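[1] When you get a sec, could you give me coordinates for this:
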Amino acid sequence: MTKLTLTAALGALILTPVLALAHGDVTPQAVDTTGLPETGEEWLTENPYRAEAAGEEVWAKAVEIGASGYNQNCARCHGLEVISGGLAPDLRFLEAEEFGDEWFVERFQTGYTQNGITKMPAFGELLGQDAAWAIRTYIETRPDDASMEEVADELKGIRDELAAWAEAPEGADSDAVKARLSDIAAGIETLSGAPVADSAASRAARLVDGTQEGFRHAAEALTIGLSAAH
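    Sure, this is the predicted structure:
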C-alpha cells in the first residue's frame with residue numbers, strides 16, 4: 001500500500017501554489033461532542049479516541065461525531081469522505097501516529113496562512129479539542145480504496161440480499177450476514193495506517209439487528225459506501 005509520509009504531506013502543502021481560497025471563507029460550525037470522554041483543557045499530542053486506547057464504543061462514537069464535524073467544517077476543501085480533489089492535501093494519508101497527530105492538532109488549532117492569505121481558519125478555540133480528535137478519528141479511519149475494491153462485488157451481493165430482506169424478512173439469517181460483514185471489515189485497511197477502518201462493511205455490520213429497518217439501513221450504508229469508493 002502506498003503511504004504518504006508526514007514530511008511528504010507537509011511538502012505537498014507548502015509547495016501547492018494555490019490551496020482553495022475557500023479555506024479562509026469557512027465559518028467554523030459547532031460540533032456536538034456529547035457522548036465522548038472529555039479530554040480537558042490542555043491540548044493532547046496523541047489521539048485519545050483510537051479503539052485500542054478508548055475501546056470500540058468510544059471509537060465508534062468518535063467516528064460518528066467526527067464525520068458530522070468534518071462534513072460541516074472540512075469537506076468543502078478536503079473533499080467528501082476525505083477524498084481530496086487536489087486543491088487541498090489528502091488527509092487520508094496523514095499517519096495515524098504521534099507525529100501525524102501533532103501536525104494535525106497544530107494545524108487545527110492555529111490554521112494556515114500563506115502570503116498573508118488565510119487558507120484555513122483556526123478551529124481550535126472555537127471547536128475545542130474533543131471535536132478536533134473526533135474529526136481526526138474519522139479522517140484516519142477512511143478505508144483504502146484498493147481494499148474496498150477487492151470486496152466490492154461481495155458487498156454488492158450482500159447489499160442486494162439485505163435490501164430483499166428489508167421487504168420480506170422470512171428466512172433472513174442476520175447473524176450470519178452480520179458475522180460475514182464483520183469479517184470483511186476486519187480485512188479492510190486504512191491509508192493512514194490506523195488499525196481499524198470505518199468502512200461500508202463495518203457500518204453495515206453495526207446496523208444489522210434482525211429487523212427490517214436494520215436490513216434497510218445496512219443496505220443503504222453499503223450503497224453509499226460503495227458509491228463513495230468510486
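[2] Can you report how many residues lie near Lys178?
    Applying other C-beta atoms under 10 Å, we find 19 residues neighbouring Lys178. Backbone N, C-alpha and C define where each C-beta goes, glycine included.
[3] Now Ala204: closest residue in space, sequence neighbours ignored.
    Ala218 (4.1 Å; C-beta to C-beta, 6 or more residues apart in numbering).
[4] State the three-state secondary structure for the one you found.
    Using DSSP: H, G, I helix; E, B strand; the rest coil, the structure places Ala218 in helix.
[5] distance of it from Arg203?
    Ala218 sits 8 Å away from Arg203, going by C-beta to C-beta, to the nearest Å.
[6] So for these two, which sits in the more crowded spot?
    Counted by other C-beta under 10 Å, Ala218 and Arg203 do not tie: Ala218 has more neighbours, with 29 against 21.
[7] doesn't Val208 make contact with that one?
    Yes. In this structure, Ala218 is within contact of Val208 by C-beta atoms under 8 Å, at 4.9 Å.
[8] residues shared between the contacts of these two?
    Common neighbours of Ala218 and Val208, using C-beta atoms under 8 Å, 6 or more residues apart in numbering, are Leu162, Leu181.
[9] Please, where are all the strands along this protein?
    112-114, 117-120 (DSSP state E).
[10] Just put those strands in a markdown table and tack on mean pLDDT.
    Output for these, formatted as a markdown table (pLDDT from 0 to 100):
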| stretch | mean pLDDT |
| --- | --- |
| strand 112-114 | 90 |
| strand 117-120 | 89 |
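[11] Just send these back as JSON lines, with mean neighbour count and distance to Val196 too.
    Formatted as JSON lines, the strands of the chain follow (neighbours: other C-beta atoms under 10 Å; distance: least, C-beta to C-beta, whole Å):
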{"stretch": "strand 112-114", "mean neighbour count": "16", "distance to Val196": "29"}
{"stretch": "strand 117-120", "mean neighbour count": "18", "distance to Val196": "27"}
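[12] how close does Asp90 sit to Asp130?
    Using C-beta to C-beta, Asp90 is found at 25 Å from Asp130.
[13] How much space separates Thr190 from Asp144?
    For Thr190, the distance to Asp144 - C-beta to C-beta - is 6 Å.
[14] With neighbour numbers in mind, choose between the two.
    For Thr190 versus Asp144, neighbours defined as other C-beta under 10 Å are more numerous around Thr190 (22 against 19).
[15] returning to what we had before: what residues are shared contacts of Thr190 and Asp144?
    With C-beta under 8 Å, 6+ apart as the test, Thr190 and Asp144 both reach Ala197.
[16] Which residues does stretch 183-203 contact?
    Counting by C-beta under 8 Å, 6+ apart, stretch 183-203 makes contact with 1, 3, 50-52, 59, 63, 92-97, 100, 138-144, 147-148, 151, 154-155, 181-182, 205, 218, 221-222, 224-226, 228-229, all of which sit outside it.
[17] Please spell out which residues along it are buried.
    Buried positions in stretch 183-203, judged by neighbour count with 16 or more other C-beta atoms under 10 Å: 184-185, 188-192, 194, 196-203.
[18] Glu213: which of these is nearest?
    Arg203 (15.1 Å; C-beta to C-beta).
[19] Quickly list the domain ranges of this protein.
    For the chain, automatic domain parsing gives the domain ranges 6-140, 145-229.
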